[in-house]
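Novice: got a predicted structure plus its sequence, pasted below:
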Amino acid sequence: QVQLVESGGGLVQPGGSLRLSCAASGFAFRNYAMNWYRQAPGKERESVAAISSTGGSTSYADSVKGRFTISRDNAKNIVYLQMNSLKAEDTAVYYCYAVVTATGRFWGQGTQVTVSS
């Protein structure tokens, strides 16, 4: 079955960096776009970044442009989110998300990112 497992979250000071990973299994990873979302306490889940199946196209929320970079390794079935210059408002649970044709929509369990001094 489709599984998405995030890792790499933690506590970081403002201005710091983290790299999140999402390990995918159960589907033909290389054929699908992948997404990162986040949800802060009391707020709706929002899209952060997306990457095409080949990695040749990416998009970002305005709030993270220039600070976050999404990438993927199709040989390892992993999608990454490199987060630099982190701010307190980046504090949230970060989720990996995929829409798999004829199978469904899938979320990982999430990984907590806390930006605080």
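Specialist: Received, thanks.

Novice: every contact and neighbour count from this point should use C-alpha atoms.
Specialist: Fine.

Novice: residue 23 - how many residues pack around it?
Specialist: 18 (other CA atoms under 10 Å).

Novice: and the helix or strand encompassing it, what's buried?
Specialist: Following DSSP states H and E, the helix or strand that holds residue 23 is strand 18-25. Buried residues in strand 18-25, counting neighbours by 16 or more other CA atoms under 10 Å, are found at 18-24.

Novice: helices and strands around the helix or strand following that strand, which ones?
Specialist: Of the helices and strands lying after strand 18-25 in sequence (DSSP H and E), the nearest is strand 34-39. In this structure, strand 34-39 packs against strand 46-51, strand 92-100, with contacts taken as 3 or more CA pairs under 8 Å, 6 or more residues apart in numbering; DSSP states H and E.

Novice: so who does residue 48 touch?
Specialist: 35-38, 60-61, 64 (CA atoms under 8 Å, 6 or more residues apart in numbering).

Novice: now with 6 Å?
Specialist: By CA atoms under 6 Å, 6 or more residues apart in numbering, the contact list for residue 48 reads 36-37, 60-61.

Novice: need the helices and strands packed on strand 34-39 in a markdown table (columns: distance to residue 14 and mean pLDDT).
Specialist: Output for these, formatted as a markdown table (distance: least, CA to CA, whole Å; pLDDT from 0 to 100):
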| stretch | distance to residue 14 | mean pLDDT |
| --- | --- | --- |
| strand 46-51 | 18 | 98 |
| strand 92-100 | 14 | 96 |
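
Novice: wait, which of those strands is closest to residue 74?
Specialist: strand 46-51 (11.8 Å; CA to CA).

Novice: buried ones in that closest one?
Specialist: 47-51.

Novice: save the contacts of residue 48 as CSV, and put in pLDDT too.
Specialist: Shown next, in CSV, are the contacts of residue 48 (pLDDT from 0 to 100):
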residue, pLDDT
36, 98
37, 98
60, 98
61, 98
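
Novice: residue 23 and residue 35: what is the separation?
Specialist: 12 Å (CA to CA, to the nearest Å).

Novice: out of everything not next to it in sequence, what's closest to residue 49?
Specialist: residue 60 (4.4 Å; CA to CA, 6 or more residues apart in numbering).

Novice: and the one you found, how many neighbours?
Specialist: 19.
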